[in-house]
Every structure is written in C-alpha cells, then in structure tokens.
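1. Just to be clear, the model below is a prediction. Sequence and coordinates:
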Amino acid sequence: GHCVWYLAYEGSKWHLTPFFPERTAPAAAAAVAECCYVACAMPVENVVVRIQTRKASAPQLRLGASLQELRRLWQEGGLRRWWNGSLLGLATALP
C-alpha cells in the first residue's frame, strides 16, 4: 500500500504540474495518492483488524488465514464489505 501511495504521489505530481500552479500540484497529487492507497490497502486493513480482534479462546491461525478472511469478507458482502470504512479513511486523509 505504501509503495502504491508513493508511486501515485510522484507520478501524479509529475503529470499534474503542467496543469496546476507549482504550489498546488503536490496537494493535488497527495489527494490522488490517498485515493489509490485506500483502494489498495482497505481490504488488507479490514482483514488485519478482523484477525487482531479475534477472541483469545479462538483456535490458533494457520498459514493462509488472511486469504480465508478475505474470502469470508467477500461472502459477507462482496466489494462493499472489502472496502468497508474507505470513506472514513479518505475523510481523515484529505483536508
């Protein structure tokens, strides 16, 4: 997710500079980068939170547990469930 953010930021800054004033191009690039980060990282963050909030009495996780959680999220609500919380993520990132 962080690599995507950095690449989106630098690429956007490079391509937006001719269209925006010099001082506002980095801000516009940051907004594009945050949107890319949320698109790529939200499903991962949702899986991580689900795994970290499991009950202590739950059985130990095996290899591939993250993929199983991702599949469960998909079964529970598809794309909407994968990107649950994305608007809040964008709201905290963008001014």
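-> Received, thanks.
2. Need the outlier residue of this structure, farthest from its centre.
-> residue 57 (29.6 Å; C-alpha atoms, centre = their mean).
3. Mind jotting down where the helices sit in the protein?
-> 2-16, 25-52, 65-82, 86-93 (DSSP state H).
4. Pick the most deeply packed of the ones you listed.
-> Compared across the helices of the chain, helix 25-52 shows the largest average neighbour count, a mean of 17 (mean count of other C-beta atoms under 10 Å). Any C-beta I mention is one placed from the backbone N, CA and C, and that applies to glycine too.
5. before we move on, back to that, any chance of the helices of the chain in JSON lines, plus mean pLDDT?
-> Below are the helices of the chain laid out as JSON lines (pLDDT from 0 to 100):
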{"stretch": "helix 2-16", "mean pLDDT": "81"}
{"stretch": "helix 25-52", "mean pLDDT": "83"}
{"stretch": "helix 65-82", "mean pLDDT": "85"}
{"stretch": "helix 86-93", "mean pLDDT": "75"}
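6. Nearest residue to residue 4 in space, please, no chain neighbours.
-> Closest residue to residue 4 in three dimensions, ignoring its sequence neighbours and counting by C-beta to C-beta, 6 or more residues apart in numbering: residue 40, at 4.8 Å.
7. That neighbour contacts residue 2, correct?
-> No. The pair residue 40 and residue 2 does not pass the contact test of C-beta atoms under 8 Å, sitting 9.6 Å apart.
8. ok, now how distant is residue 45 from residue 33?
-> 16 Å (C-beta to C-beta, to the nearest Å).
9. just residue 68 next, same as before
-> Distance from residue 68 to residue 33, by C-beta to C-beta: 30 Å.
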